[in-house]
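**Q** Fold the following, please.
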Amino acid sequence: MRILRAADRKASPWKNGGGVTWEVAASPAGAPLDDFEWRVSLAEVASPGPFSRFPGIDRILTVIRGQGLSLAVEGLGATALGASSAPYAFPGDIAATAALSDGPIRDLNVMTRRGRWAAQVRRMSGPVAPKLTAETVILVALTPLDVGDAHLSPEDAILFEGAVPPPIGEGAFVLVELHRA
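**A** Numbering: from 1, shown residues only. Prediction:
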């Protein structure tokens, strides 16, 4: 179990230069944007525009803060996403454009290399003792949250690799389960 504090993350520009992202975790650690197996990050979407394209990557986007956005994905139409919407999966190698509902949003973005990794992303609330089968699990706190003896602030995360997570206290979080394909 490794705690990943939001305060320790460094901002970096989006691949297309249109915004800012903060990497929560990636495999392999420190991999560049064109060579990761999986990547979990937070992003600030402050203006409408296109999403970066990632050939061979599947994406799952979860709005965690703000009034929401409409995400138009080529061939799939537009989908309204807000801070209580289910995570939304789409191919990262086709055109996608966001229009903001009312001001900036923050999202959790999970990207996996197609054919090698797959992800399941769920919004959850505690208290709970989740039963997990994935070899890699990332929990991202949306509210203050106690996980075993660890106290998380919003956007702090915990990476579990092959470990059984301790009981999770009262609060909201996003759970990312990563499986080899």
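**Q** all contacts plus neighbour counts: C-alpha atoms, from now on.
**A** Will do.
**Q** packing partners for the lowest-mean-pLDDT helix or strand in the chain?
**A** Least confident helix or strand, the chain: strand 11-13 with a mean of 89, by mean pLDDT, DSSP states H and E. The criterion is 3 or more Cα pairs under 8 Å, 6 or more residues apart in numbering; DSSP states H and E, and the helices and strands that strand 11-13 contacts are strand 20-27.
**Q** Show me which parts of the strand it packs on are buried, residue by residue.
**A** Residues of strand 20-27 classed as buried under the neighbour-count rule (16 or more other Cα atoms under 10 Å) are 20-26.
**Q** Next, format the residues you listed as JSON lines and append pLDDT and distance to Pro166.
**A** Listed next are those as JSON lines, based on pLDDT from 0 to 100; distance: Cα to Cα, whole Å:
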{"residue": "Val20", "pLDDT": "90", "distance to Pro166": "32"}
{"residue": "Thr21", "pLDDT": "93", "distance to Pro166": "29"}
{"residue": "Trp22", "pLDDT": "96", "distance to Pro166": "26"}
{"residue": "Glu23", "pLDDT": "96", "distance to Pro166": "24"}
{"residue": "Val24", "pLDDT": "98", "distance to Pro166": "20"}
{"residue": "Ala25", "pLDDT": "97", "distance to Pro166": "20"}
{"residue": "Ala26", "pLDDT": "97", "distance to Pro166": "22"}
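**Q** rewinding a little: how about residues contacting the least confident helix or strand of the chain?
**A** Taking Cα atoms under 8 Å, 6 or more residues apart in numbering as the criterion, the residues outside strand 11-13 that touch it are 19-23.
**Q** Rebuild those residues as JSON lines, extending it with distance to Ile64.
**A** Shown next, in JSON lines, are these (distance: Cα to Cα, whole Å):
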{"residue": "Gly19", "distance to Ile64": "17"}
{"residue": "Val20", "distance to Ile64": "15"}
{"residue": "Thr21", "distance to Ile64": "14"}
{"residue": "Trp22", "distance to Ile64": "14"}
{"residue": "Glu23", "distance to Ile64": "15"}
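**Q** Just name the closest of these to Val110, please.
**A** Top of the list for closeness to Val110, among the contacts of strand 11-13 and by Cα to Cα, is Glu23 at 10.2 Å.
**Q** any idea how far the closest one is from Ser125?
**A** As defined by Cα to Cα, to the nearest Å, Glu23 lies at a distance of 23 Å from Ser125.
**Q** What of Asp156?
**A** When distances are taken as Cα to Cα, Asp156 and Ser125 turn out to be 15 Å apart.
**Q** Which one's more surrounded, the two?
**A** Set side by side, Asp156 and Ser125 show more neighbours around Asp156, with 23 against 18, by other Cα atoms under 10 Å.
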